[in-house]
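Peer 1: give me a model of this one.
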Amino acid sequence: MGSIEKYSEDEFRKLSKHLPDLIYQFTRRLDGSYYIPIASSGIENIFGCKPEDVAENFDAIIKVIHPEDLERVLDKIEYCATHLTEFEIECRVCIPGKPIQWILARSTPEKLPDGSITAYGFITNVTSQKNAAEAYKSLSKKQEAILKAIPDLIFEIGQDRTIYEYHSPVNDLLAAPPELFIGKKYNEVIPNSASDILDSAILEANEKGYSVGFQYSLDLSQGQMWFELSVAPIQHEFGNERRYIVLSKDITERKKKEDKLQQLNHAVEQSTASIVITNLEGNLEYVNHQFLKITGYSYEEVIGNNPRMLNSGYTKKEDYKKMWETIKSGGTWQGEFLNKKKNGALFWEEVIISPVRNNNGEIINFLAIKTDITKQKKTVEKLRKIAWDQSHQVRSPLTDILGIINVIKLDISTEEKIELLSHLEKAAQQLDQAIHKVIDETKKPL
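Peer 2: Model prediction:
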């Protein structure tokens, strides 16, 4: 019998020699002490000791079990030995010179004829599995936090348009409740116009590896809402089907702002006044179409340059100095400039310049609104010239009329009055002719 047991032990050693895990027989004596009569060489990997170290007692194993786990392990061993139930437990092992390891132990106890309890089982190192599980748990928590932090609608969609999963912190942006669209095709849930746009985004994601920027609108209970799509294929095949992560971002407010900016842009570009924005040094950052039309310069020629390129040399340096002092101190300056076009022609502008402030009240730009008043200036000058040229022609007959009226008031004969009235009529006709001449002059083009 002894030779058979010896042969069996030798066979066990040979069979288990290359196993990294521990195969063992674990026994509780009648006095309650424990020992391991049979242990494979894997015990060195699991507990850092040799089979002979535990052939008489359990101490070599107890001292490397993590202190926080030891009581739980011993309670479990005792319970399974008492009730003859399957033993299974995970715990940490602290082998000197090595990082903490996780092990999984399983065994089946049975009662021996002498009343002692023995168990046959195995112990394996599950550190990598535990680390992977912890990493997955941590990743899952991070992903959950990321999903909660993303205010967008997130869908998992198949290439056949089926909606498989959905996530969003808000449901009021959905075209239908989740329970009504999960498992359905999106073209059955959203309008054709929106479905076609999503088709295009998925097609682009197939070609480029991603898609960003496609926009669509939905008429929801709160009104028309606008969304922007971001689509990326999942790098994993689900059977023979490809799936995609689709983010649908609510851009309604951005759209409204963009529309307002577009309206403002149209108004500025179509304005009959020149509108200019400069930086704090006065260099041009923006000019509208009217500015280019009046000055004759192209957009590329003026942006980055200083408005002094329009200086005709007729504006006094003191006027420029006063202007800069006013606007740099936060005030609004209003005045007139005689400027020069690209072709050298002079033109008059009425200018209003104001500072532009940021949210902190700091001046970041200057805005100038300029009106071409060249025609008005020429009109005033023409009227002034006409008035000067014609003043003597009006003054002479008017003086005659006033003199004749004063003479008529005197005590003179009827014949004299008749003669004076004749002179009065002639003077009045001369005055009428002078007035008509003034009117005719004003009608002539500038």
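Peer 1: poorly predicted segments of the protein, please.
Peer 2: The model of the chain has pLDDT under 70 over residues 1-9, 12, 169-172, 175, 237-238, 386-398, 434, 436-446.
Peer 1: recalculate using a threshold of 80.
Peer 2: 1-19, 143-144, 146-151, 168-180, 235-240, 379-421, 423-446 (pLDDT under 80).
Peer 1: please, where are all the helices along it?
Peer 2: For the chain, the helices defined by DSSP state H occupy 2-16, 43-47, 59-62, 67-83, 127-149, 178-181, 192-208, 252-269, 289-295, 299-302, 317-328, 374-408, 414-443.
Peer 1: let's have these in JSON lines, adding distance to residue 246.
Peer 2: For every residue, glycine as well, the C-beta is placed using N, CA and C. Formatted as JSON lines, these follow (distance: least, CB to CB, whole Å):
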{"stretch": "helix 2-16", "distance to residue 246": "54"}
{"stretch": "helix 43-47", "distance to residue 246": "48"}
{"stretch": "helix 59-62", "distance to residue 246": "54"}
{"stretch": "helix 67-83", "distance to residue 246": "46"}
{"stretch": "helix 127-149", "distance to residue 246": "14"}
{"stretch": "helix 178-181", "distance to residue 246": "13"}
{"stretch": "helix 192-208", "distance to residue 246": "7"}
{"stretch": "helix 252-269", "distance to residue 246": "18"}
{"stretch": "helix 289-295", "distance to residue 246": "41"}
{"stretch": "helix 299-302", "distance to residue 246": "40"}
{"stretch": "helix 317-328", "distance to residue 246": "50"}
{"stretch": "helix 374-408", "distance to residue 246": "59"}
{"stretch": "helix 414-443", "distance to residue 246": "71"}
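Peer 1: pick the most buried one from those helices.
Peer 2: Among these, helix 43-47 has the highest mean neighbour count (mean count of other CB atoms under 10 Å), at a mean of 21.
Peer 1: that helix packs against which elements?
Peer 2: Identification of packing neighbours for helix 43-47 by 3 or more CB pairs under 8 Å, 6 or more residues apart in numbering; DSSP states H and E yields strand 22-28, strand 117-125.
Peer 1: which residues does residue 96 contact?
Peer 2: Residues in contact with residue 96 (CB atoms under 8 Å, 6 or more residues apart in numbering) are residue 48.
Peer 1: from residue 48, how far out is it?
Peer 2: Distance, residue 96 to residue 48, by CB to CB, to the nearest Å: 7 Å.
Peer 1: run a quick neighbour tally on residue 63.
Peer 2: Neighbour count for residue 63, taken as other CB atoms under 10 Å: 13.
Peer 1: let me redo that: residue 57
Peer 2: 13.
Peer 1: wait, it sits on residue 35?
Peer 2: Yes - using CB atoms under 8 Å, residue 57 is in contact with residue 35, at 5.5 Å.
Peer 1: tell me the spacing between residue 60 and residue 341.
Peer 2: 100 Å.
Peer 1: next one: residue 139
Peer 2: Distance, residue 139 to residue 341, by CB to CB: 67 Å.
Peer 1: picking up where we left off before, looking at the helices of the chain, which is closest to residue 28?
Peer 2: Across the helices of the chain, residue 28 has its closest neighbour in helix 67-83 (5.0 Å, CB to CB).
Peer 1: who's in contact with stretch 318-328?
Peer 2: 332, 333, 335, 353, 354, 355, 363, 366.
Peer 1: what of stretch 80-88?
Peer 2: For stretch 80-88, the surrounding residues in contact (CB under 8 Å, 6+ apart) are 28, 76-77, 79, 104-111, 117, 119, 121.
Peer 1: first-to-last residue distance for it?
Peer 2: End-to-end distance for stretch 80-88, by CA to CA, to the nearest Å: 9 Å.
Peer 1: quick thing: my sequence starts at 689, can you match it?
Peer 2: Got it, first residue is 689 now, which makes that one stretch 768-776.
Peer 1: so how far is that stretch from its chain's centroid?
Peer 2: Chain-centre distance of stretch 768-776: 60 Å, with CA atoms, centre = their mean, to the nearest Å.
Peer 1: OK, contacts around the closest residue in space to residue 793 that isn't next to it in sequence?
Peer 2: Using CB to CB, 6 or more residues apart in numbering and skipping residues adjacent in sequence, the residue nearest residue 793 is residue 811, 4.4 Å away. Going by CB under 8 Å, 6+ apart, residue 811 touches 709, 710, 712, 730, 734, 791, 792, 793, 794.
Peer 1: how about a cut-off of 6 Å?
Peer 2: 710, 734, 791, 793 (CB atoms under 6 Å, 6 or more residues apart in numbering).
Peer 1: follow-up on the earlier one: narrow the contacts of stretch 768-776 to those that are buried.
Peer 2: 716, 764, 765, 792, 793, 795, 797, 805, 807, 809 (16 or more other CB atoms under 10 Å).
Peer 1: the last one bridge partners, please.
Peer 2: Put plainly, it is residue 809. Following DSSP bridges, residue 809 is listed with bridge partners residue 712, residue 795.
Peer 1: distance of it from residue 862?
Peer 2: 54 Å.
Peer 1: what sits against the nearest residue to residue 1029 once chain neighbours are set aside?
Peer 2: Of all residues not flanking residue 1029 in the chain, residue 984 sits nearest, at 4.9 Å (CB to CB, 6+ apart). Shown in contact with residue 984 (CB under 6 Å, 6+ apart): 1029, 1030, 1031.
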